[in-house]
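*Asks:* What would the 3D arrangement of this be:
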Amino acid sequence: MREKGMTTINLKKINRNKVYQYIYQQKETSKLQIVQDLQMGLSTVSQNLNELELDGLIRRNGYFESTGGRKAQIIRIVEDFRISLGLGILKDMFHIVAVNLYGEVMATETIELPYVNSDTYYTSLAESVETFILDHQYEPEKIEGISIATQGIISPDGTTVIYGDIMGNTQMKLSDFSSRLPYSCHLEHDSKSAADLELWNHPQFDSALIFLLNPNLGGAIITNHEVHQGKHMHSGLFEHICIDPDGPECYCGHRGCLETYCSANALKEAAGMPIKDFFNILHTTQTPTLLRIWRDYLDHLAFAIRNLNLVIDSPVIISGYLAPYFRNTDMQYLLEKINEQSLFHMEEDQLLVGNHGQYTPAIGAALYYVKEFLSPVVS
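*Replies:* Numbers count the residues shown, from 1 in each chain. As a prediction, this is how the structure comes out:
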């Protein structure tokens, strides 16, 4: 009897998850449509809808246009039933974002806070997060979790940064955050977070190469619809591919790494001015000197894309801080340079640019808890 009872409970959970997931995917639907598409009985669907509505997971609001009979009521999920927060930690600041269950950005903020591996830093960061939650009047029980994206390779168990030369955050621990914040916390590499966001935005891609054009360059590989991290968690570190052994010194101690040519910091140094000023002048005056610097940057980026695309035959996505500055003419130039000396022609629809700019890692990190909430669990 107990086994039969457990089976009944599981079946109810499965049906509830199916109904909720269907509404989530459709965004707007009706009771009759759920009955037809899921091939469930009307009473079963009605019961699940009533329970989901009572629990605050869905809402019924408005009516579809009549098709000849009684108007069908519009059913949607409650997008902010749960809110996920993402942090993107950099050397001199951190970004914080809030996203709803569709991964849509509800709020963003950039907080100046130089990184120091100290109790004072982590306490200040936690206080800033709590202030962010209060300022936006998010109910604490709605916060599904806080996911932290940082520059540095994370240990396979997700508890510690095991390589963090850029920020000096080697040995940063998940517990540095979770011990100070009354929410579930998660720690991951910022490049993986960026790739997660691009995969969320392009679910049709089974594989892709992600170039994270942040102050420091990052990269990620998507294969089989997942971010490939490798046995030792360092897959996709495009930034340390050597393209000139006699080139500039990289922070890793070697010379000629792609980081020294294609990071936003490298572009800033070559231009001798802040990135925003560089593009403002470039786009308004087409100054030959600045145009030459930008073309040189794109030439090196094309070189890297062309070679990596021979390893992973897939779409390439330009993401991160510099992405919003790319114009159609820049993408055309980049594509021409990629194809100029390539054995295989890359099509225009295989080279894409992201649209979340500097907040990309934070948003991608926040998706961790969105996906966790949406994963159906039957026990």
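
*Asks:* just for the chain, where's the confidence low?
*Replies:* Scanning the chain for pLDDT under 70 picks out the ranges 1-6, 68, 377-379.

*Asks:* which residues of it fall in helices?
*Replies:* Along the chain, the segments classed as helices by DSSP state H run 2-26, 31-38, 42-54, 119-135, 174-178, 190-201, 259-262, 264-271, 275-285, 288-311, 328-340, 360-374.

*Asks:* Let me know the distance separating residue 62 from residue 7.
*Replies:* From residue 62 over to residue 7 the distance is 38 Å, taken as Cβ to Cβ, to the nearest Å. From N, CA and C alone the C-beta is placed, and that goes for glycine too.

*Asks:* what bridges to residue 212?
*Replies:* The residues paired with residue 212 through beta bridges, assigned by DSSP bridges, are residue 218, residue 319.

*Asks:* What residue, apart from its backbone neighbours, is nearest residue 62 spatially?
*Replies:* Leaving aside its chain neighbours, residue 62 sits nearest to residue 74 (4.6 Å; criterion: Cβ to Cβ, 6 or more residues apart in numbering).

*Asks:* what's that neighbour in contact with, if anything?
*Replies:* Taking Cβ atoms under 8 Å, 6 or more residues apart in numbering as the contact definition, residue 74 lies against 28-30, 60-64.

*Asks:* how about 7 Å then?
*Replies:* With contacts defined as Cβ atoms under 7 Å, 6 or more residues apart in numbering, the neighbours of residue 74 are 28, 30, 60-64.

*Asks:* before we move on, the earlier item: in a markdown table: the helices of the chain, plus distance to residue 78 and mean neighbour count.
*Replies:* Below are the helices of the chain laid out as a markdown table (distance: least, Cβ to Cβ, whole Å; neighbours: other Cβ atoms under 10 Å):
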| stretch | distance to residue 78 | mean neighbour count |
| --- | --- | --- |
| helix 2-26 | 10 | 14 |
| helix 31-38 | 17 | 16 |
| helix 42-54 | 9 | 15 |
| helix 119-135 | 19 | 15 |
| helix 174-178 | 27 | 20 |
| helix 190-201 | 20 | 26 |
| helix 259-262 | 42 | 25 |
| helix 264-271 | 38 | 18 |
| helix 275-285 | 38 | 14 |
| helix 288-311 | 41 | 17 |
| helix 328-340 | 38 | 15 |
| helix 360-374 | 12 | 25 |
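
*Asks:* so which of those gets nearest residue 234?
*Replies:* Closest approach to residue 234 among those is made by helix 190-201 (10.2 Å; Cβ to Cβ).

*Asks:* Show me what that closest one is packed against.
*Replies:* Applying 3 or more Cβ pairs under 7 Å, 6 or more residues apart in numbering; DSSP states H and E, one finds that helix 190-201 makes contact with strand 143-150, strand 208-213, strand 217-223, strand 226-228, strand 316-319, helix 360-374.

*Asks:* Please name whichever of the ones you listed is nearest to residue 42.
*Replies:* Taking Cβ to Cβ, helix 360-374 is the member of the helices and strands packed on helix 190-201 nearest to residue 42, at 25.7 Å.

*Asks:* Quick one: residues in contact with that closest one.
*Replies:* The contact list for helix 360-374 (Cβ under 7 Å, 6+ apart) reads 24, 82, 84-88, 95-97, 99, 101, 103, 105, 144-145, 147-149, 186, 188, 190, 193-194, 196-197, 200, 319-320, 354, 356.

*Asks:* could you redo the last one with a cut-off of 6 Å?
*Replies:* 82, 84-88, 95, 97, 99, 101, 103, 144-145, 147, 149, 186, 190, 193-194, 196-197, 200, 319-320, 356 (Cβ atoms under 6 Å, 6 or more residues apart in numbering).

*Asks:* what do you get for stretch 101-117?
*Replies:* When contacts are defined by Cβ under 6 Å, 6+ apart, stretch 101-117 is touched by residues 79, 91-100, 128, 132, 136, 167, 200, 359, 367, 370.

*Asks:* Kindly write the PyMOL command that selects the buried subset of these.
*Replies:* Isolation of the buried members of those (16 or more other Cβ atoms under 10 Å) is achieved in PyMOL through the command below:
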select buried, resi 79+94+95+96+97+98+99+100+128+132+167+359+367+370
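
*Asks:* can you redo the helices and strands packed on helix 190-201 as a markdown table with distance to residue 349?
*Replies:* Converted to a markdown table, the helices and strands packed on helix 190-201 look like this (distance: least, Cβ to Cβ, whole Å):
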| stretch | distance to residue 349 |
| --- | --- |
| strand 143-150 | 28 |
| strand 208-213 | 12 |
| strand 217-223 | 17 |
| strand 226-228 | 22 |
| strand 316-319 | 11 |
| helix 360-374 | 21 |
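
*Asks:* and residue 70, which of these is closest to it?
*Replies:* Ranking the helices and strands packed on helix 190-201 by proximity to residue 70 (Cβ to Cβ) places helix 360-374 first, at 31.8 Å.

*Asks:* now that closest one and strand 217-223, what's the angle there?
*Replies:* Here the directions of helix 360-374 and strand 217-223 differ by 30 degrees (axes from the mean of the first three to the mean of the last three Cα atoms, to 10 degrees).

*Asks:* Could I have the CA atoms of helix 360-374 written out in PDB?
*Replies:* Presented in PDB, the C-alpha positions along helix 360-374 are these (Å, rounded to 0.1, in the frame of the first residue of the first chain):
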ATOM      1  CA  THR A 360      27.200  39.500 -18.900                       C
ATOM      2  CA  PRO A 361      29.000  37.400 -16.200                       C
ATOM      3  CA  ALA A 362      26.700  38.600 -13.400                       C
ATOM      4  CA  ILE A 363      23.500  37.800 -15.400                       C
ATOM      5  CA  GLY A 364      24.900  34.400 -16.500                       C
ATOM      6  CA  ALA A 365      25.700  33.600 -12.900                       C
ATOM      7  CA  ALA A 366      22.200  34.500 -11.800                       C
ATOM      8  CA  LEU A 367      20.800  31.900 -14.200                       C
ATOM      9  CA  TYR A 368      22.300  29.200 -12.000                       C
ATOM     10  CA  TYR A 369      19.500  29.500  -9.500                       C
ATOM     11  CA  VAL A 370      16.800  30.100 -12.200                       C
ATOM     12  CA  LYS A 371      17.700  26.800 -13.800                       C
ATOM     13  CA  GLU A 372      17.800  25.100 -10.400                       C
ATOM     14  CA  PHE A 373      14.300  26.300  -9.500                       C
ATOM     15  CA  LEU A 374      12.900  25.300 -12.900                       C
END
